[in-house]
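**Student:** Make a model of this:
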Amino acid sequence: MPHLHIEYSPEVATLVNVQDVCLAAYKAMKESGIFPIAGIRVRAFAADHCIVADDHPDNNFMAMTLSVGAGRERSALKAAGDRVFAAVQQALAQPLATPHFALSLEIREISADLSWKDTPIHSRLSS
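**Tutor:** Numbers count the residues shown, from 1 in each chain. Next up is the predicted model:
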């Protein structure tokens, strides 16, 4: 269950191709070697309303949350997070070169006891 949720300020879509950012994150997740391809999800949403830092009109953000099932070594998650973060940093090089951008990533582990799924995609991709 590696699901990457990306939230960003609306103007980000005028600065970069958000689909390219999603693809960079997806490739990094896939290349990490610790996530089953059938479980990878990357989705991005613009925040309808937001205020960033000092409310300067040029301020923008992208906040990523990677939700994963419990059971992976912390070092493996750290390495995967480093890989995803670096890939997204590269995709966002232009806005990150300004003093008006904030990028973040948080990894959250989800207990199997508190997570319900019905995903036939897993069966199809593990055959």
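
**Student:** Helices along the protein, start to end?
**Tutor:** Using DSSP state H, the helices found in the chain span residues 12-15, 18-31, 74-91, 93-96, 120-125.

**Student:** okay if I get the ones you listed as TSV plus mean pLDDT?
**Tutor:** Shown next, in TSV, are those (pLDDT from 0 to 100):
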stretch	mean pLDDT
helix 12-15	98
helix 18-31	98
helix 74-91	98
helix 93-96	98
helix 120-125	80
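
**Student:** Could you single out the most deeply buried of the ones you listed?
**Tutor:** Using mean count of other C-beta atoms under 10 Å, the stretch among the helices of the chain with the greatest mean number of neighbours is helix 18-31 (a mean of 17). Every C-beta, even on glycine, is put in place using the N, C-alpha and C of the backbone.

**Student:** Contacts for that one next, please.
**Tutor:** Helix 18-31 is touched from outside by 2, 4, 6, 8, 12, 35, 37, 40, 42-44, 62, 64, 66, 80, 83-84, 86-88, 90-92, with contacts defined as C-beta atoms under 8 Å, 6 or more residues apart in numbering.

**Student:** could I get the helices of the chain as TSV with distance to H56?
**Tutor:** Shown next, in TSV, are the helices of the chain (distance: least, C-beta to C-beta, whole Å):
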stretch	distance to H56
helix 12-15	15
helix 18-31	22
helix 74-91	21
helix 93-96	14
helix 120-125	43
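
**Student:** Tell me which of these approaches V52 most closely.
**Tutor:** Among these, helix 12-15 comes nearest to V52, with 10.6 Å by C-beta to C-beta.
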